[in-house]
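Enquirer: Build me a structure from this.
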Amino acid sequence: MEEKNSRRRTRKIITLSVIVAVIILVIVVLYIQSLNCSTPSEEVVKCISSKATLYMQEGCSHCLKQEKEFGECYVLLNATDCTKTPEKCIEVGIRVVPTWIVDGKLIEGVYKIEELQEITNCGLMIK
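Expert: Just a heads-up that it's a prediction; the model follows:
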């Protein structure tokens, strides 16, 4: 009887150890993925950035939505903060944020990556 209880206890410990190991593995994988600029691809964001400028302001809720659309890749964008450099925004005629300038045209609002790919002709690239 005592041997049976010992086996049960051993199985429980092994099962719990496996569960904890899987949870730790999942957390590590998710953390590593969050460090990479993978969705959208870095290549796509660099293409958009080379053809468009984003004008935004810190604290703007719509600008935050646009930032979330790009995730970790947001830092790769050609972006101007109208809070820090208002003269640049006034000079190009920014009335609302976020505003994208593509080929000299002001495009106001929040856009999905796919829409910006089309607008900037980066649509043929792998997503």
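Enquirer: where do the strands sit along the protein?
Expert: With DSSP state E, the ranges of strands along the chain come out as 52-56, 79-81, 99-102, 105-108.
Enquirer: between the ones you listed, which one is nearest to Val22?
Expert: strand 79-81 (39.2 Å; Cβ to Cβ). Yep, even glycine has a C-beta here, placed from its N, CA and C like the rest.
Enquirer: Direction included, what does the closest one pair up with?
Expert: Looking at strand 79-81 with DSSP bridges, its partner strands are strand 52-56 (parallel).
Enquirer: how far does the strand it pairs with sit from the chain's center?
Expert: Put simply, strand 52-56 sits 16 Å off its chain's centre (Cα atoms, centre = their mean, to the nearest Å).
Enquirer: Would you mark the buried spots in that strand?
Expert: 52, 54-56 (16 or more other Cβ atoms under 10 Å).
Enquirer: ditto for stretch 53-72
Expert: Within stretch 53-72, the residues scored as buried using 16+ other Cβ under 10 Å are 54-57, 60, 63, 66-67, 69-71.
Enquirer: any chance of those in JSON lines, with pLDDT and distance to Ile13 too?
Expert: Output for these, formatted as JSON lines (pLDDT from 0 to 100; distance: Cβ to Cβ, whole Å):
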{"residue": "Leu54", "pLDDT": "98", "distance to Ile13": "54"}
{"residue": "Tyr55", "pLDDT": "98", "distance to Ile13": "58"}
{"residue": "Met56", "pLDDT": "98", "distance to Ile13": "53"}
{"residue": "Gln57", "pLDDT": "96", "distance to Ile13": "55"}
{"residue": "Cys60", "pLDDT": "96", "distance to Ile13": "53"}
{"residue": "Cys63", "pLDDT": "97", "distance to Ile13": "51"}
{"residue": "Gln66", "pLDDT": "96", "distance to Ile13": "49"}
{"residue": "Glu67", "pLDDT": "95", "distance to Ile13": "45"}
{"residue": "Glu69", "pLDDT": "92", "distance to Ile13": "46"}
{"residue": "Phe70", "pLDDT": "93", "distance to Ile13": "45"}
{"residue": "Gly71", "pLDDT": "90", "distance to Ile13": "39"}
